[in-house]
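J.: Generate coordinates for the sequence data below:
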Amino acid sequence: MNGNVTFYVSKFHPSTEIIWKKEKNKVVEWDIQSGLEAFQSFKDRVYLDIGSGNLTITRLTKSDEGLYELESPGVRNKSEFHLKVIGEYP
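T.: Residues are numbered from 1 along each chain as shown. The predicted structure follows:
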């Protein structure tokens, strides 16, 4: 909890569109024309590296747990990540 996590994407080729989703809901979306937009509780807590496709989420909460997926023409294989948030260590 309250920490950061980065989802590292392998074999990503720079693209004109990147969408990260948690389950079926958008976390962040970027395209070359509109720029970057973060959604819902992820506003001011996500960083998207448009060159690598990597996504960083800061200030993790229990509600961040779930399945994250990258959708982009720059991805060759399906990129899914299962996030489990644990409490802080004493």
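J.: Do you have the strands of the protein handy? List them.
T.: 5-7, 17-22, 25-31, 35-38, 46-48, 55-57, 66-71, 79-83 (DSSP state E).
J.: partner residues bridging the residue most central in space within the chain?
T.: The centroid of the chain falls nearest to L55 when counting by Cα atoms, centre = their mean (4.0 Å). Beta bridges link L55 to F7, L48, judged by DSSP bridges.
J.: my guess is it contacts S72, does it?
T.: No: with contact defined as Cβ atoms under 8 Å, L55 does not count as touching S72 (11.1 Å). (Each C-beta comes from the backbone N, C-alpha and C, glycine too.)
J.: The closest residue to G66 other than its chain neighbours: neighbour count?
T.: Nearest residue to G66, sequence neighbours excluded (Cβ to Cβ, 6 or more residues apart in numbering): K22, at 5.0 Å. K22 has 22 neighbouring residues, counting by other Cβ atoms under 10 Å.
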